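S.K.: Sequence and predicted model, in that order:
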Amino acid sequence: MLLAPSLLAADFLHLQKACDLLNNSAADWFHLDVMDGRFVPNISYGLPVISQLRKASQKIFDVHLMIEEPEKFASAFRDAGANNLTVHLEACRHLHRNVQQIRDLGMTAGVAINPHTPVELLYDILPDLHLVLIMSVNPGFGGQQFIPHTYEKIRVLKQRINKKGLNTLIEVDGGVDLDNARQLLDAGADVLVAGTSVFRAKDPAAAIAAFKQTGQK
Ligand SMILES: O=C(CO)[C@@H](O)[C@H](O)COP(=O)(O)O
């Protein structure tokens with residue numbers, strides 16, 4: 001199991017501290033949420049913040065674009081330090097072209113789907129993807145409640161991935177915590193994104209360790 005803490009829940013006044021926490025922990029990836037105020041009703045942070053964070057960590061930067069027309073910014077996010085770039089199916093008119101662009105730029109590609117989007121819409125593009133990000137809340141905000149229908153979506157997608165002999169990762173994002181982590185992994189999740197449950201925990205380092213321990217059981 002891979003753990004990707006979401007910096008959206010970190011203290012933005014002390015991002016260096018958040019980087020140190022993740023660098024000195026068993027967290028696998030940095031999950032970086034970019035919002036444009038159009039695709040989602042919120043604006044987070046963008047390129048300048050990510051390129052500064054890049055100087056503070058060697059870990060994988062898993063950038064989740066919640067933006068319209070992501071093709072306009074793919075190369076800029078690569079230059080800012082993204083290793084994996086995930087775009088939303090709902091934001092892409094030419095999803096295959098967008099995924100190819102990301103791969104041609106030397107990054108791995110992910111596609112995210114909102115809670116109302118069926119996983120079946122991804123079947124044709126699965127072989128091109130490093131990961132599928134299943135949103136378990138409606139995108140735009142941290143701290144929301146996990147949507148239980150997600151378990152079934154993970155199970156169905158995992159079955160398809162296995163049937164086709166692919167190694168596409170399933171990432172789950174939104175309301176993930178230590179209470180649902182085991183069930184998500186049992187359903188077939190490979191990567192857990194956790195914002196509030198890590199950065200707003202009393203002891204974030206202990207929360208990361210507990211997630212990783214859950215992954216080993
Ligand atoms: O993409 C998003 C929200 O749109 C997520 O990455 C959240 O940042 C996860 O936060 P928590 O639900 O874990 O607080």
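M.R.: Nice, thanks for sending it over. Numbers count the residues shown, from 1 in each chain.

S.K.: so A27 makes contact with P5?
M.R.: Yes - the criterion here is CB atoms under 8 Å, and A27 meets it with P5 at 5.2 Å. Where you see a C-beta, it was placed from the backbone N, CA and C, and this is true even at glycine.

S.K.: shared neighbours, these two?
M.R.: V198, I208 (CB atoms under 8 Å, 6 or more residues apart in numbering).

S.K.: Quick one: name the residues of this structure near the ligand.
M.R.: Contact residues (CB under 6 Å from any ligand atom) of the chain with the ligand: 6, 8-9, 31, 33, 64, 137, 139-144, 173-176, 193-197.

S.K.: Please spell out the PyMOL selection for the buried subset of the residues you listed.
M.R.: Selection of the buried residues among the residues of the chain next to the ligand in PyMOL, burial being defined by 16 or more other CB atoms under 10 Å:
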select buried, resi 6+8+9+31+33+64+137+139+140+141+142+173+174+175+176+193+194+195+196+197
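
S.K.: In helices, which of the residues of the chain next to the ligand appear?
M.R.: T196, S197 (DSSP state H).

S.K.: got the residue ranges for the helices in the chain?
M.R.: 15-23, 47-54, 74-80, 95-104, 150-163, 181-187, 196-199, 204-216.

S.K.: elements contacting the shortest one?
M.R.: For helix 196-199, the helices and strands in contact under the criterion 3 or more CB pairs under 8 Å, 6 or more residues apart in numbering; DSSP states H and E are helix 204-216.

S.K.: What lies in contact with the helix it packs on?
M.R.: 1, 3, 5, 21-22, 24-27, 178, 181-182, 185, 192, 194, 197-198, 201.

S.K.: do the same with stretch 96-112
M.R.: 62, 64, 66, 70-71, 74-75, 77-78, 82-89, 92, 95, 122, 125, 128-135, 139, 171, 173.
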